[in-house]
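Student: what's the 3D shape of this:
(one chain, ligands or ions: 2)
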Amino acid sequence: MNNGVIKEIGFENEKVREYAVGSKERAELKKTLKEMREQMLDIPIVIGGKEIRTGNTGKCIVPHDNKKVIGIYHKAGKKEAEMAIDAALSAKKKWEKLSWEHRVGIFLRAAELAAGPWRARLNAATMLTQSKTYFQAEIDAACESVDFLKSNASSLYKIYSEQPISTRDSWNRTQYRPLDGFVFAVTPFNFTAIGCNLSAAPAMAGNTVIWKPASNVVYSSYIVYQLFKEAGLPDGVINFLPGSGSEIGNVVLKDPNLAGIHFTGSTDTFQEMWKAVGDNIQNYRSFPKLVGETGGKNYVLAHASADVDTLVAALIRGAYELQGQKCSATSRCYIPKGLWPEVKEKMIREISTIKVGDVEDFSNFIGAVIDQASFDKIKSYIDYAKNSHDAEILAGGKCDDSKGYFIEPTFILTNNPDFRTLKEEIFGPVLTAYVYEDERFDYAVDLCESTTKYGLTGSIFAKDRYVIAEVEDKLMHTAGNFYINDKTAGASVGLQPFGGARASGTNDKVGSIFNMMRWISPRVIKDNFNQVNDYRYSDNIE
Ligand SMILES: NC(=O)c1ccc[n+]([C@@H]2O[C@H](COP(=O)([O-])OP(=O)(O)OC[C@H]3O[C@@H](n4cnc5c(N)ncnc54)[C@H](O)[C@@H]3O)[C@@H](O)[C@H]2O)c1
Ligand SMILES: N[C@@H](CCC=O)C(=O)O
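Tutor: Ligands and ions are numbered 1, 2, ... in the order given. Model prediction:
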């Protein structure tokens, strides 16, 4: 069939809804929350379109009401991992031959459903599963999912349009093949949209996928999976495989047909997976593409010329939104001594106004952290600071897991530039400040550069443009996303393509052309119209 060439319509971000009191969207979200809370979802493994229930189950728990179970999910083991590999390989034959307009059309349909009739379900599931406020759920589950799907479509259009030069006597064309095998998508707990994107992006490029969602968010991940099915995703293209990461990984990472890993999660997990691939390198048909976006220890550097109110608002949003469980969350800040009294006073005052609690009450600004293990880990860092001679808790510090996994937004001051909470990723609502002498600004710049192994996000707050330009240059390798007078979190697809380097990942910029390039294997075809029938170069013949 001869397809015409689509004219791209361009990418625009999905508009964030406000959920104002009395609005239709607010009423619909509240109603959906209530319905989902009252139902008990029985979540299967889905392989080659078939639902499988192993009977080895895990619970879907509401973090802000931690006795409340809203679903059970069936865990995949070795046998199901092997079945998923077979299903992905068998679906590949038909899927990779389907023209790109049809493949992408499915995901653009999913985007429209997510923006419209599925919006409340996606957001409510995310509020219940990840304890996100209505606002954090809206910017993640609805808007960022839609943005990823649409932006990937637009990136593919650009990639496919990129063709080599043809001449009078030969045509050259690039065929954008999918990878020669299947892709393993492994996703974290903190963003519903990341699960959506990591499984969809390789599939949009013609690959078949095994998707392993994080165990504490199988519920919201399954809603995304159902959305894809509703949009017309054929059986076996994405296989949904909840279960233990190491058990499933042990099978999938050793398979000769592993062609790529699309990962987001902690640095340690990605390093483990990379090692497993290295150990098995001689057994693969091709070199698997490894894409992994990992942890962060993101800094705010304030200069003496910074505006304090802007700085304080950015520190609070950057550090405490979503309970500090964003890879991009601000977790360390460097403040000049001259500004410190005002910053300290305003931070303490503002933090005391933050409402923590059940996210189903829309007036709360933050909810609970994801599970008991996270709660215990974050609390151990706070206890460490409480018991240290080098640090003082200026605000927050209380933890209570009796009803939900609640941790107060916590602000620590340390006089030790190497203090643990300035170095290690905590992944909770904990911000540590270090105060430097005003005349030692260069030293503070060096601390941003050298204190941690990560390189994800960072911000400079200053009015002085010479300072901003100098810091932007000096801190070039400290952040894949660098902000000037803005918080370290909240990148939007298409506007600030996201990802970091160093121990923060492979920096393939999810949702952009750079990421989509990883899921294709170009083949260049030369069609020669001027065929040679003598091997001699004509100039050499006397
Ligand atoms: N850079 C980014 O864009 C970005 C975005 C979101 C989250 N993160 C990072 O993610 C982390 C939080 O998420 P998390 O707690 O879900 O991370 P995690 O590393 O604990 O888990 C991520 C996924 O890996 C799976 N997994 C664990 N061990 C595995 C193995 N051996 N083989 C295969 N899969 C395995 C888990 O089951 C889960 O699905 C933080 O470090 C955060 O900074 C980074
Ligand atoms: N892209 C998101 C973070 C994703 C990781 O958790 C941001 O920029 O805040």
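Student: if you take the average position of the protein, which residue is closest to it?
Tutor: The residue lying closest to the centre of the chain (CA atoms, centre = their mean) is I194, at 4.3 Å.
Student: Now do the helix or strand harbouring that one, average pLDDT.
Tutor: According to DSSP states H and E, I194 maps onto helix 192-204. Average pLDDT, helix 192-204: 98.
Student: I'd like the distance from that helix to the chain centre, please.
Tutor: Helix 192-204 sits 10 Å away from the centroid of its parent chain (CA atoms, centre = their mean, to the nearest Å).
Student: hmm, that helix touching ligand 2?
Tutor: No - shown here: helix 192-204 not in contact with ligand 2 (CB under 6 Å from any ligand atom), separated by at least 6.8 Å. For the C-beta atoms, the positions are set from N, CA and C on the backbone; glycine is no exception.
Student: which is the next helix or strand following that helix?
Tutor: Helix 192-204 is succeeded, C-terminally, by strand 208-212 (DSSP H and E).
Student: returning to what we had before: excluding chain neighbours, give the residue nearest to the residue nearest to the centre of the chain in space.
Tutor: Closest residue in space to I194, ignoring its immediate chain neighbours: T264 at 5.1 Å, by CB to CB, 6 or more residues apart in numbering.
Student: so that neighbour makes contact with M273?
Tutor: No - with contact defined as CB atoms under 8 Å, T264 does not count as touching M273 (11.7 Å).
Student: Overlap in contacts, the two.
Tutor: 186, 292 (CB atoms under 8 Å, 6 or more residues apart in numbering).
Student: and the stretch 401-542 of the chain, which of its residues are near ligand 1?
Tutor: So the stretch 401-542 of the chain meets ligand 1 at 425, 427, 456, 498, 500, 504-505 (CB under 6 Å from any ligand atom).
Student: if we look at ligand 2, which of those are close to it?
Tutor: F498.
Student: between the residues of the stretch 401-542 of the chain next to ligand 1, which has the most around it?
Tutor: Most neighbours among these, by other CB atoms under 10 Å: L456, with 32 neighbours.
Student: which sections of the stretch 1-150 of the chain are below the confidence cut-off?
Tutor: 1-2 (pLDDT under 70).
Student: could you measure the residue nearest to the centre of the chain against Q531, distance?
Tutor: Here I194 is placed at a distance of 51 Å from Q531 (CB to CB, to the nearest Å).
Student: likewise K93?
Tutor: Taken as CB to CB, the span from K93 to Q531 is 33 Å.
Student: Between those two, tell me which one has more neighbours.
Tutor: K93 (10 against 6).
Student: State the distance from the more buried one to A87.
Tutor: Counting by CB to CB, the gap from K93 to A87 is 12 Å.
Student: And Y466, by the same measure?
Tutor: The value you get for Y466 to A87, if CB to CB is used, is 59 Å.
Student: Look at those two and report which has more neighbours.
Tutor: A87 (23 against 9).
Student: Setting aside sequence neighbours, what's the nearest residue to the more buried one?
Tutor: Per CB to CB, 6+ apart, closest to A87 is G48, 3.4 Å.
Student: pretty sure that neighbour contacts N239?
Tutor: Yes - applying CB under 8 Å, one finds G48 in contact with N239, separated by 6.9 Å.
Student: Show me whatever sits in contact with both of these two.
Tutor: In contact with both G48 and N239: A87, using CB under 8 Å, 6+ apart.
Student: Among the two, which residue is more densely surrounded?
Tutor: N239 (31 against 16).
Student: separation between the more buried one and G55?
Tutor: Taken as CB to CB, the span from N239 to G55 is 19 Å.
Student: mind giving me the domain split of this structure?
Tutor: Using automatic domain parsing, the domain parsing of the chain gives 24-294+505-525, 298-484.
Student: For my notes, please list those in a markdown table and give distance to R17 for each entry.
Tutor: Compiled in a markdown table, these are given as follows (distance: least, CB to CB, whole Å):
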| stretch | distance to R17 |
| --- | --- |
| domain 24-294+505-525 | 5 |
| domain 298-484 | 13 |
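Student: of all those, which lies closest to E14?
Tutor: domain 24-294+505-525 (4.1 Å; CB to CB).
Student: gap between stretch 345-363 and the chain center?
Tutor: Worked out by CA atoms, centre = their mean, stretch 345-363 lies 25 Å from the chain centre.
Student: Same question for stretch 508-518.
Tutor: Worked out by CA atoms, centre = their mean, stretch 508-518 lies 13 Å from the chain centre.
Student: do the same with stretch 474-485
Tutor: Centre to centre, stretch against its chain (CA atoms, centre = their mean), the figure for stretch 474-485 is 19 Å.
Student: Can you list the buried residues in it?
Tutor: Going by neighbour count (16 or more other CB atoms under 10 Å), the buried part of stretch 474-485 is 475, 478-483.
Student: which residues touch it?
Tutor: Contacts for stretch 474-485 (CB under 8 Å, 6+ apart): 298-299, 301, 306-307, 310, 314, 328, 445, 448-449, 455-462, 468, 472, 488, 491, 496, 498-502, 504-505, 507, 509.
Student: Swap in 7 Å and give it another go.
Tutor: For stretch 474-485, contacts defined as CB atoms under 7 Å, 6 or more residues apart in numbering pick out 310, 328, 445, 448-449, 455-461, 468, 472, 491, 496, 498-501, 504, 507.
Student: Report all helices and strands that the strand or helix carrying T129 contacts.
Tutor: Assigned by DSSP H and E, T129 belongs to helix 119-130. Helices and strands touching helix 119-130, by 3 or more CB pairs under 7 Å, 6 or more residues apart in numbering; DSSP states H and E, are helix 24-38, helix 134-137, helix 218-230.
Student: Could you check how far that helix is from the centre of its chain?
Tutor: Going by CA atoms, centre = their mean, where helix 119-130 is centred and where its chain is centred differ by 17 Å.
Student: mind listing what S170 touches?
Tutor: Contacts of S170 (CB under 7 Å, 6+ apart): 526-529.
Student: residues from the stretch 251-400 of the chain in reach of ligand 1?
Tutor: So far as CB under 6 Å from any ligand atom goes, the stretch 251-400 of the chain lies against ligand 1 at 264-266, 269, 272-273, 293-296, 327.
Student: between those, which has the most around it?
Tutor: G296 (31 neighbours).
Student: Could you check stretch 264-283 and say which residues are buried?
Tutor: Those would be 264-267, 269-270, 273-274, 276-277, for stretch 264-283 by 16+ other CB under 10 Å.
Student: Helices - which of those residues land there?
Tutor: 267, 269-270, 273-274, 276-277 (DSSP state H).
Student: and those as JSON lines, adding pLDDT and distance to E80?
Tutor: JSON lines is the format used below for those (pLDDT from 0 to 100; distance: CB to CB, whole Å):
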{"residue": "T267", "pLDDT": "98", "distance to E80": "28"}
{"residue": "T269", "pLDDT": "98", "distance to E80": "20"}
{"residue": "F270", "pLDDT": "98", "distance to E80": "23"}
{"residue": "M273", "pLDDT": "98", "distance to E80": "19"}
{"residue": "W274", "pLDDT": "98", "distance to E80": "24"}
{"residue": "A276", "pLDDT": "98", "distance to E80": "19"}
{"residue": "V277", "pLDDT": "98", "distance to E80": "21"}
